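S.K.: one predicted model, sequence on top.
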Amino acid sequence: MNEQLIKKIGQLKAERNAVILAHNYQPGEIQDIADFTGDSLALSIKAAATDAEVIVFCGVKFMAETAAILSPGKTVLLPDKNAGCPMADMMTGEQLRELKRKHPGALVVCYVNSSAEVKAESDYCCTSANAVEVVESLPKDSKIIFVPDQHLGRFVIEKTGREMILWPGYCPTHAFITEDDIEKAREAHPGAIVMAHPECNEPVKAISDKLLSTGQMLKFAKQSDAKRFIIATETGIIHTLKKENPDKEFYPVTTRAICPNMKRITLDKVLWSLEDMHYKITVPADIAARAKNALEKMVAILPASPDASRGGSAK
Ligand code: 13P
Ligand code: SF4
């Protein structure tokens, strides 16, 4: 059944001159059929650079919006129109305007997990792979507003020593991961390296061994001499970790860390999306023009850490 679906997807992809981009949290079968998989930064870079006329974005809405803003001439399709990101919905454009009024003159850095309107109100955009470098690039005396993820914000404060005004947004999927889960996983798998995402809460990050974006986790696991890893992020990444490192073991810190929005994308929906050319993601021109400015600065600032990469892989 899947073979037929995959064959049809391949045929339509060629007919439409389409490329399939998939985030590292997508279901395994979606990552397997994608032309390119990666973290948010790698996918943004790829979306900006592809020659394809159509981008089928297997991820959530803010990612497809980012692709539409960076590639205005292309058709960007999201196979499930309800695949959103609750963290991105935790701040509206008006809430950010209000925060800016309270802190006049502050530079605004927004996490890519945000609406196009929030990006349009921001000076810089960042992902978890380059947030530290983006903030370090700002003038030392500038006041900084960082939205919407409080946990990534605190990670950046700790790494850079910069003070920042934060917004109380968070990822509900990473909120499922607790300190207790890490301790229990360590008891079950002594000696395994704990890799956690910066979206995790502070007690979890404090006791983890490595804090990395999903692309950085893939790179670190490949390069490390260690053979066993505990994964404190959305469990979808374990599919590719195992595939790329058949001689190593990966254990989810909890099976509760599943993003229901990422899992809305299925093979059938990818096929329907290419057949019917839906759901087209567009951003109003005035918002897109302002958001593009913040996004282009993000794409230009690559992570400097040795563990960091562009965080993606082509098939
Ligand atoms: P990265 O893949 O950039 O680490 O992002 C994680 C995430 O939560 C995406 O929604
Ligand atoms: Fe949003 Fe969290 Fe899902 Fe990423 S994992 S899309 S931040 S809810």
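M.R.: Noted; the coordinates are in hand. Ligands and ions are numbered 1, 2, ... in the order given.
S.K.: next one: K297 from K119, what distance?
M.R.: Spatial separation of K297 from K119 under the definition CB to CB, to the nearest Å is 11 Å. C-beta: built from backbone N, CA, C; applies to glycine.
S.K.: overlap in contacts of those two?
M.R.: Taking CB atoms under 8 Å, 6 or more residues apart in numbering as the contact criterion, the residues that touch both K297 and K119 are C125.
S.K.: the two: which has the busier surroundings?
M.R.: With other CB atoms under 10 Å as the criterion, K297 and K119 differ in neighbour count, and K119 comes out ahead with 31 against 17.
S.K.: ok, now which ones touch the more buried one?
M.R.: Taking CB under 8 Å, 6+ apart, one finds 69, 110, 112, 125, 290-291, 294-295 in contact with K119.
S.K.: wait, is it part of a helix?
M.R.: Yes. In this structure, K119 lies within a helix as judged by DSSP: H, G, I helix; E, B strand; the rest coil.
S.K.: so what pLDDT did the residue in the stretch 201-315 of the chain that ligand 2 sits nearest to get?
M.R.: Evaluated by CB to the nearest ligand atom, the stretch 201-315 of the chain has C259 as its residue closest to ligand 2, separated by 3.3 Å. Taken from the predicted model, the pLDDT recorded for C259 is 98.
S.K.: whether whichever strand or helix holds V194 contacts ligand 2 - can you check?
M.R.: Applying DSSP states H and E as the criterion places V194 in strand 193-196. No. Among the residues of strand 193-196, none lie within reach of ligand 2 under CB under 6 Å from any ligand atom; the closest is 13.4 Å away.
S.K.: which is the next helix or strand following that strand?
M.R.: Taking DSSP H and E as the definition, the helix or strand right after strand 193-196 is helix 202-206.
S.K.: just to revisit the earlier point, chain center to the strand holding V194, what's the gap?
M.R.: A distance of 18 Å separates the centroid of the chain from that of strand 193-196, by CA atoms, centre = their mean, to the nearest Å.
S.K.: other SSEs contacting it?
M.R.: helix 179-188, strand 210-211, helix 214-223, strand 228-232 (3 or more CB pairs under 8 Å, 6 or more residues apart in numbering; DSSP states H and E).
S.K.: for the stretch 51-200 of the chain, what lies in contact range of ligand 2?
M.R.: Remark: the part of the stretch 51-200 of the chain in contact with ligand 2 comprises 60, 85-87, 113, 171-173, using CB under 6 Å from any ligand atom.
S.K.: give me the buried subset of the residues you listed.
M.R.: For those, burial is judged from neighbour counts taken by 16 or more other CB atoms under 10 Å, and it is met by 60, 85-87, 113, 171, 173.
S.K.: sorry, back to before: tell me the secondary structure at the residue of the stretch 201-315 of the chain closest to ligand 2.
M.R.: Judged by three-state DSSP, the three-state class of C259 is coil.
S.K.: contacting residues for it?
M.R.: The neighbourhood of C259, defined by CB under 8 Å, 6+ apart, consists of 25, 60, 171, 173, 234, 236.
S.K.: wait, isn't the fifth one in contact with M262?
M.R.: Spelled out, it's E234. Yes. E234 is in contact with M262 according to CB atoms under 8 Å; the separation is 6.6 Å.
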